[in-house]
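Asker: Predicted model and sequence below, questions to follow.
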Amino acid sequence: MKERIFSEAGTSPSAETTGLESAPRRRVISIMATGIVSPIALTSGSAAAEAVTDLLVDADAESDFKPLRATDLQMAKPLLVFPFDAKAGKPRNESRLNKLVVVRLPEEKMTAETRARSVSGVVAYSSICTHQGCDVKTWMSKESVLACYCHASKFDLFDGAKVVGGPASGPLRAVPLALAGEFLSIAASLPPKAGD
């Protein structure tokens, strides 16, 4: 698992990081590997059990932030969201790199790896295009792809947001989801890859 996290983050483990790591540290590394860049406090011991889950809120909300449920999303209608810092009572919107796109899709059309990261058919990816950093939020229903309006890169969200058209250099970063009660949240760790 540790080697996979480092390889997804584009780095290799150093001698300092190959020893046993605490659960909170692994969570921070996992979240950083998915592209969420907000600082998250490291905790230890029993404090780790009290860690607050990052829920998701509409990126356009200016106040009255309401956590999203899977049922709040219409099928194949992308929504830009930010993780919500419950302790601070505000979205983690200090960096646009924290912005995600969530879409509800038919689970039966997803690859096994994509389905493992989804919740009730909802997938989440970084909304930052891997070509020149524009927001990716346009659903093209005839092709069933998410497109970047800047230079027409297209991403297959059913298959890990791989590039299926345009100049983008790689897939959008996937963000694994979980449920916190009835609300969508960022999963505490990456699910294992198929065959792990």
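Answerer: In hand now; what should we look at?
Asker: in the chain, which ranges drop under the pLDDT threshold?
Answerer: Within the chain, the ranges that satisfy pLDDT under 70 run 1-52, 189-196.
Asker: Please tell me how far the residue lying closest to Thr114 once chain neighbours are set aside sits from Cys134.
Answerer: Nearest non-adjacent residue to Thr114, counting by Cβ to Cβ, 6 or more residues apart in numbering: Gly160, 5.6 Å away. Glycine gets a C-beta too; all of them are placed from N, C-alpha and C. In this view, Gly160 and Cys134 are 20 Å apart by Cβ to Cβ, to the nearest Å.
Asker: circling back: so the residue nearest to Thr114 sits against Pro171, correct?
Answerer: Yes - with contacts counted by Cβ atoms under 8 Å, Gly160 reaches Pro171, the gap being 5.6 Å.
Asker: ok, residues contacting stretch 73-88?
Answerer: When contacts are defined by Cβ atoms under 8 Å, 6 or more residues apart in numbering, stretch 73-88 is touched by residues 36, 38, 52-60, 65, 67-68, 90-93, 98-106, 121-122, 124, 127, 135, 137-139, 141, 144, 146, 186.
Asker: Buried among those? Need that as a selection in ChimeraX.
Answerer: Buried members of the contacts of stretch 73-88, defined by 16 or more other Cβ atoms under 10 Å, are picked up in ChimeraX with:
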select :36,38,53,54,55,56,57,58,59,65,67,68,91,92,93,98,99,100,101,102,103,104,105,121,122,124,127,135,137,139,144,146,186
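Asker: now the strands for this structure?
Answerer: Remark: strands assigned in the chain by DSSP state E are 55-58, 79-85, 90-91, 100-104, 122-126, 136-140, 145-148, 154-156, 162-165, 177-180, 183-186.
Asker: Redo these as JSON lines? Include distance to Glu113.
Answerer: Below are these laid out as JSON lines (distance: least, Cβ to Cβ, whole Å):
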{"stretch": "strand 55-58", "distance to Glu113": "21"}
{"stretch": "strand 79-85", "distance to Glu113": "22"}
{"stretch": "strand 90-91", "distance to Glu113": "28"}
{"stretch": "strand 100-104", "distance to Glu113": "16"}
{"stretch": "strand 122-126", "distance to Glu113": "11"}
{"stretch": "strand 136-140", "distance to Glu113": "20"}
{"stretch": "strand 145-148", "distance to Glu113": "17"}
{"stretch": "strand 154-156", "distance to Glu113": "12"}
{"stretch": "strand 162-165", "distance to Glu113": "11"}
{"stretch": "strand 177-180", "distance to Glu113": "14"}
{"stretch": "strand 183-186", "distance to Glu113": "17"}
